[in-house]
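Asks: Need a 3D model of the sequence below.
(chains A and B)
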2 protein chains.
Amino acid sequence: MGRLVMKFGGTSVADVDRIRNVARHVAREVAAGHQVCVVVSAMAGKTNELVALCEDAAGGGAYDAAEYDAVVASGEQVTSGLLAIVLQHMGIPARSWAGWQIPVETDDAHGRARIAAIAPAALEEQWENGVVNVVAGFQGIGAGGRVTTLGRGGSDTSAVALAAALKARCDIYTDVDGIYTTDPRIEPKARRIGRITYEEMLELASQGAKVLQTRSVELAMVHGVPLRVRSSFDAPDSPDQVRDDGSGPGTLVCKEDADMEQQVVSGIAFAKDEAQVAVRGVRDKPGVAASIFGPLADAGISVDMIVQNVSADGQHANLTFTVARGDLRRALDVLQTHRDDIGYEEIAAADDVAKVSIVGIGMRSHAGVASRMFRTLSQKGINIEAITTSEIKLSVLIHEDYLELAIRALHEAFGLDAA
Amino acid sequence: MGRLVMKFGGTSVADVDRIRNVARHVAREVAAGHQVCVVVSAMAGKTNELVALCEDAAGGGAYDAAEYDAVVASGEQVTSGLLAIVLQHMGIPARSWAGWQIPVETDDAHGRARIAAIAPAALEEQWENGVVNVVAGFQGIGAGGRVTTLGRGGSDTSAVALAAALKARCDIYTDVDGIYTTDPRIEPKARRIGRITYEEMLELASQGAKVLQTRSVELAMVHGVPLRVRSSFDAPDSPDQVRDDGSGPGTLVCKEDADMEQQVVSGIAFAKDEAQVAVRGVRDKPGVAASIFGPLADAGISVDMIVQNVSADGQHANLTFTVARGDLRRALDVLQTHRDDIGYEEIAAADDVAKVSIVGIGMRSHAGVASRMFRTLSQKGINIEAITTSEIKLSVLIHEDYLELAIRALHEAFGLDAA
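Replies: Below is the predicted model:
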């Protein structure tokens, strides 16, 4: 018996039949004695439809984010009411909540609001009466009393924030059955990871594993909310689905503990939509990096891997970095505009590169991980264009043609292949 | 310059193009210097779609009215946000309001809530800043903090209640250009009525003229809100549309004044979905009417025209009354069940009857109206089955085959035909 937040995304509530399936998952946890708070997204496609209406209303131009929020937040409101009706019909007391009713207090940054506080009292009172709380995700109320939304994927964040406020654990139901060592579409030997730390999950998420929103993992880490990723497509009525000891279905994202370090590398992430820019023959003097990256930041372009080499004459440097492929054209324009300030000889660009990362909490205490990675790639004849590292991650930039080969080779080299 | 509430129904906001048309009507009134509050319904078809989802969620059974309200109220929320975006795009400052934000306080009778109070301060503050208020109709917030809806057609009631709170006049935009002396599809000579009293409008509305919700007319009468019915399909940009003196487009529904009594009869209403029940050979003793109508009321069946005749022997009576045609079967079942209590000889029923009513404030001071009605019908060979009267209305029940003939004959006899 414990407190549990269950979150279901758009595909899990796509129609009333799918909502009935969600209700069966909820019924199982209620039967196991849990106090349950369900967080739901809008029915699949609904949010896009509402966004399109806003765009049409604005004649294709910009629109007021506060009005956008008022329109778009209605999608989750509908799902929460429908799930409450389905649960009641199954004999389970339930009530729906819009963000403003709880309230989920946010700042006034419409369309991308951040949660400031959640008062748990009203939800806990319903629990005392044996009622399942069904909360419209993705939304809150700003200081000015207007409806806010948290930005795309915000329902995960709603769920984790509610779990933190309610001191509950949080199960995120999605269309996959957990976090894998890498994308099983590329490496069929990929294994589901049983447990992973917040830190590893963050590196995997930000490196291209799209299952969980980065923001929700950060929030779970800060508040120590145990997070489980599991599938809403699993048989909802099996009692095997209820386990609180970390051995259950899906992937548990939690704090590091002693027995988690057996695996040096937990997973392999990748990003295909990378582009590389080389700025050659830059005068090697203080402030030159700022003269390049300042204007790019002003243009809202995020820069990732940065490598600086001093040229043979010792007077000039080459700066190489990556940007998202969609930003390449603009990045080159910015550099062209600021050519005189920067003072470079030439620029080269490539949009046929990809990034592969190995992620693992065990890398902190195990030497030789980098050399094993480089050796593995070298044995396959894969050239490394750039390297970046963090405490628990090592990323390399390679030609995109070799991406799948690199993933499979590293998956095997670090012992991730399924038995 | 004045305060104006403009209400637009579902067909007037059916898609973004229609919402743009609504915005042009609003722009015209803003240009004329009015402080405007717009009340909108859900986009046509949307409410039915949401109701169907609730029914599906409940497996075709009953559902929690509070959850129904949470789901269904989202429709108006979407329209209000979209209209605000369109107005802003036209350069007109605007903001949307859900019922709970103003707040529109109601009782907790979900699905059919009644408005208890509306605080005008927040809307007036926006007006001070030159902002058009766009309010989601049909909804409010109950004492328990949950979203309520006012029942079908409730947006008219929202508009009138807001006009009362804001001391504004109220224009109801619909798909017809006003109230007519009778249905123009039956009598092509029907004329649009320029002015009509609340009392006459109520009689016309409850007698089958479906343009305005009875409840909203009652509310307008109680608070003295001048109500204009006009068409959202009229050219929105014509300055002729703006007139505050009662001579403008559509039909003004207002208090009685001296020059309104020229016309004895203002309009002819009718109802086709009537059925007649005759209870024959009832013992003529005190309490017999109660023994019939008590069980019908308990079954939720409304009874309309009642005629009682004492039979030839002076000991027995025949009671004839009408019910809605859809209630006939149940009414007969109720009478059968209570046969012993009532003590009647036989029951006869007819579902091929119709009701025609003449309505006019002038009937109060003009004699001979009833005899002219009866004479007119008699000249056409139309038999009268039953008669009921109020101070400003006279209704007769006739065979439905003669309905159109009766309407046309009365329209001419009371001088309503267009010149």
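
Asks: ok, residue A:2 touching residue A:35?
Replies: Yes - contact between residue A:2 and residue A:35 holds when scored by C-beta atoms under 8 Å: they sit 7.4 Å apart. Where you see a C-beta, it was placed from the backbone N, CA and C, and this is true even at glycine.

Asks: Would you mind telling me which of those two has the busier surroundings?
Replies: Each of residue A:2 and residue A:35 has its neighbours counted (other C-beta atoms under 10 Å in any protein chain shown); residue A:35 has more, 22 against 13.

Asks: Wait, that one touches residue A:4, no?
Replies: Yes - with contacts counted by C-beta under 8 Å, residue A:35 reaches residue A:4, the gap being 6.9 Å.

Asks: who touches both of those two?
Replies: Taking C-beta atoms under 8 Å, 6 or more residues apart in numbering or on different chains as the contact criterion, the common neighbours of residue A:35 and residue A:4 are residue A:168.

Asks: Just read off the phi/psi values of residue A:218.
Replies: Main-chain dihedrals, residue A:218, degrees, to the nearest 10: phi -60, psi -50.

Asks: Chain B versus the spatially closest residue to it that is not a sequence neighbour, what's the distance?
Replies: Distance criterion C-beta to C-beta, 6 or more residues apart in numbering or on different chains; nearest residue to residue A:218, sequence neighbours excluded, is residue A:202 at 6.6 Å. Residue A:202 sits 35 Å away from chain B, going by C-beta to the nearest C-beta, to the nearest Å.

Asks: looking at this, residue A:202 is in a helix?
Replies: Yes - using DSSP: H, G, I helix; E, B strand; the rest coil, the assignment for residue A:202 is a helix.

Asks: Pull the contacting residues for it.
Replies: Contacts of residue A:202 (C-beta under 8 Å, 6+ apart): A:214, A:217-218, A:221.

Asks: following the host helix or strand of residue A:95, which helix or strand shows up next?
Replies: Using DSSP states H and E, the element containing residue A:95 is strand A:94-97. Under the assignment DSSP H and E, the closest C-terminal helix or strand after strand A:94-97 is strand A:104-106.

Asks: any idea how far stretch A:411-419 is from the chain center?
Replies: 24 Å (C-alpha atoms, centre = their mean, to the nearest Å).

Asks: Residues that sit against both of residue A:2 and residue A:35, list them.
Replies: Once C-beta under 8 Å, 6+ apart is applied, the residues that residue A:2 and residue A:35 both contact turn out to be residue A:168.

Asks: can you map out the helices along the stretch 1-150 of chain A?
Replies: Assigned by DSSP state H, counting those that start in this stretch, the stretch 1-150 of chain A shows helices spanning A:16-31, A:46-57, A:65-72, A:74-89, A:121-128.

Asks: and those, which is most packed in?
Replies: With neighbours taken as mean count of other C-beta atoms under 10 Å in any protein chain shown, the helices of the stretch 1-150 of chain A reach their highest mean count in helix A:74-89, at a mean of 28.

Asks: now chain A, which segments are flagged as low pLDDT?
Replies: By pLDDT under 70, the low-scoring segments of chain A are A:1, A:152, A:208-209, A:243-247, A:258-262, A:419.

Asks: The residue lying farthest from the centre of chain A in helix, strand or coil?
Replies: Among the C-alpha atoms of chain A, the one most distant from their mean position (C-alpha atoms, centre = their mean) is that of residue A:313, at 44.3 Å. Three-state call for residue A:313 (three-state DSSP): coil.
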